[in-house]
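# Got a sequence here, can you model it:
(2 chains)
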Amino acid sequence: MSFDKERFKSPYSFLFGSMNLRTKTLLIISLVGLILFAIVVNSLFINVDNITTNFSIKNSQPSLQHPFGTDWMGRDMFIRTMKGLGLSVIIGAMASILSTMIAIFLALSSTLGKYFDHCVSGVTNLFLSIPHILLIILISISLGGGIIGVVVGVSLTHWIPLTRVLRAEIKQINTSTYVKLSKNFGRTKWWIAKNHLLPLLIPQIVLGTILIFPHAIMHEASVTFLGFGLSPHEPAIGIILSESMKYLSNGAWWLAFFPGLSLLIIVLLFDLIGDNLQRLLDPTQANE
Amino acid sequence: MVELKANKIGFRYGGTKKWILKNLSISLKDNQVKGLIGESGGGKSTLCKILAGYEGNFEGELKIDKLNTNDSKFNQVQLIFQHPERTMNPKWKMKQSLDESWEVSDDILEKFGIKKSWLNRWPNELSGGELQRFSIIRALNPKTKFLIADEITTMLDAVTQVQIWKLLLSMAKERKIGILVVSHDKELVNEICDEVVYLDDINHDIKYNL
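Numbers count the residues shown, from 1 in each chain, chains lettered A, B, ... in the order given. You can find the predicted model right below:
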């Protein structure tokens, strides 16, 4: 029987042709990474004060000069959205790195002894039982809102899945025969942690950090939208969306549509990186 | 002369009431090749783990005469496992796994029939028999005094089996290493061992439910 090549063709084969799967995955990751990086760098050069109000063009529909339209003060929505996206990515980055640090700390301390392990799984279950958004709102309010409130709130609620993965992984490695053998060869705990544990954990840590990103961004936007997050003068996507609510009934659909769509695209891009990275780091799961 | 002595060993797995080993005594001298024959499920592998220090919760005592050891952490009793693929870190190349124990010279590798190209492979790219040679060499650290060989050649074909055992025995003689050959293969054990004991005989408390 001959191998039916047509049947196994990827739907994206017109894009990448006969490229090696590994190269393809790397290419996707670096392309998407570049886009996200460009958005952040671009937003850093946008000065909020330069988004001029111009009442002569207020509430104008999307056009070539203003691709995302303008708002009720005649500000260009495209520039505001780009600034907001950059802010979202930066906050997402801070929150997911903080969450990862919490996860690593808790997973490592669970190996210190039975008592520590019970504590960590208890805290994990406690946090799992409270809805994310509620906890983020409470933490954000108690810290007085703003960027610090949102970042701390999001990072204190997003460490759970990674902690569980790392804890399970460490347990599995520590009970494996090759670690026991290593102890019998006279290797110290520190040596084993450095040479056996860490190299096996790094893929999980990197992947976990990236997979927290989309959640962090979405939660930041929703908390801000509800008014418990960033302050109103910050051009965040959540602020833009909540402001646009007042003008939606006037028919200004572009005020909510384009910023919302861009946020969705950013989140999907992060998801795309995560998926492809998982394929690269753990090829056995690629077909799932 | 160094001797490994296990006195009145008793063992049951955590939480269960059933004793697997009870009042079991066994000794092994360096330079000695002793065979241990037992049924499957009789506690052979458990005994091996106790002797090599993998299982801490046992009754009785385990004594090794310590001689000129600079590195107290290295266990002078090394266990060679039945399944070599579990004893290698899957993300380490074979070279790194070897170096974890000691720096092996090229002629020893050659003697065991290990090709140089294998050193740059991952454990899953080698067969069970090929991996077992690596784990045997790893256990033959210069500091090793006793080897516990737990069914180490069951996955090898007869010719390779003979070749591996010949090498292992000659190296053991050279370095004065005592070997405990654990197997259910009576022919093999009778062929290579100076002395053969049956697990049922030394573990008779279990057999007669005393």
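
# Looking at the residue in the stretch 151-288 of chain A that chain B sits nearest to now. What's its pLDDT?
Nearest residue of the stretch 151-288 of chain A to chain B, counting by C-beta to the nearest C-beta: residue A:186, 3.5 Å away. C-betas here are computed from N, CA, C, even on glycine. In this model, residue A:186 is scored at 81, pLDDT.

# shouldn't it be in contact with residue B:53?
No - Residue A:186 is beyond contact range of residue B:53, at 11.4 Å (criterion: C-beta atoms under 8 Å).

# shared neighbours of these two, anything?
Applying C-beta atoms under 8 Å, 6 or more residues apart in numbering or on different chains, one finds that residue A:186 and residue B:53 are jointly contacted by residue B:75.

# list the contacts for residue B:151?
Residue B:151 touches B:44, B:82, B:182, B:183, B:184, counting by C-beta under 8 Å, 6+ apart.

# Report the mean per-residue pLDDT for the longest helix seen in chain B.
Looking across chain B with DSSP state H, the single longest helix is helix B:158-175. Throughout helix B:158-175, pLDDT has a mean value of 84.

# and if you look at stretch A:33-49?
On average, stretch A:33-49 scores 83.

# Buried ones in that stretch, by neighbour count?
Along stretch A:33-49, these residues count as buried under the neighbour rule (16 or more other C-beta atoms under 10 Å in any protein chain shown): A:36, A:39, A:43.

# same question, stretch A:147-156
A:147, A:149, A:150, A:151, A:152, A:153, A:154, A:155, A:156.

# Let's have those residues in CSV, adding distance to chain B and secondary structure.
CSV is the format used below for the buried residues of stretch A:147-156 (distance: C-beta to the nearest C-beta, whole Å; DSSP: H, G, I helix; E, B strand; the rest coil):
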residue, distance to chain B, secondary structure
A:147, 39, helix
A:149, 41, helix
A:150, 38, helix
A:151, 34, helix
A:152, 35, helix
A:153, 36, helix
A:154, 32, helix
A:155, 29, helix
A:156, 32, coil
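
# from those, which single one is nearest residue B:203?
residue A:156 (55.8 Å; C-beta to C-beta).

# got the contact list for that closest one?
Residues in contact with residue A:156, defined by C-beta under 8 Å, 6+ apart, are A:99, A:102, A:135, A:139.

# so the second one makes contact with residue A:160?
Translated: residue A:102. No - with contact defined as C-beta under 8 Å, residue A:102 does not reach residue A:160; the gap is 9.5 Å.

# Give me the distance between stretch B:73-81 and the centre of its chain.
With C-alpha atoms, centre = their mean, to the nearest Å as the basis, stretch B:73-81 stands 8 Å off its chain's centre.

# Flag every residue of chain A that's near chain B.
Residues of chain A lying close to chain B (C-beta under 8 Å from any C-beta of the partner chain) are A:176-178, A:180-182, A:184-188, A:195-196, A:199-200.

# Mind doing that once more with 6 Å?
Neighbours of chain B within chain A, by C-beta under 6 Å from any C-beta of the partner chain: A:177, A:178, A:180, A:181, A:184, A:185, A:186, A:196, A:199, A:200.

# Need the per-residue pLDDT for the last one.
Model confidence at residue A:200, expressed as pLDDT, equals 87.

# name the element it belongs to?
Taking DSSP states H and E as the criterion, the element that holds residue A:200 is helix A:198-225.

# Give me the buried stretch members for that helix, please.
Residues A:200-201, A:203-205, A:207-225 are the ones in helix A:198-225 that count as buried (16+ other C-beta under 10 Å).

# Over to stretch B:194-203?
In stretch B:194-203, the ones that count as buried by 16+ other C-beta under 10 Å are B:197, B:199, B:202, B:203.

# which ones are touching the second one?
The contact partners of residue B:199, taken as C-beta atoms under 6 Å, 6 or more residues apart in numbering or on different chains, are B:38, B:42.

# now the helices: where do they sit in chain B?
Per DSSP H, chain B carries helices over the ranges B:44-51, B:94-101, B:106-111, B:128-139, B:158-175, B:186-192, B:199-202, B:204-207.

# Kindly reformat the ones you listed as CSV and extend each row with distance to residue A:30.
What follows is those, written out as CSV (distance: least, C-beta to C-beta, whole Å):
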stretch, distance to residue A:30
helix B:44-51, 48
helix B:94-101, 29
helix B:106-111, 41
helix B:128-139, 37
helix B:158-175, 47
helix B:186-192, 56
helix B:199-202, 60
helix B:204-207, 63
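
# Out of the ones you listed, name the one with the poorest average pLDDT.
Ranked by mean pLDDT, those end with helix B:204-207 in last place, scoring a mean of 64.
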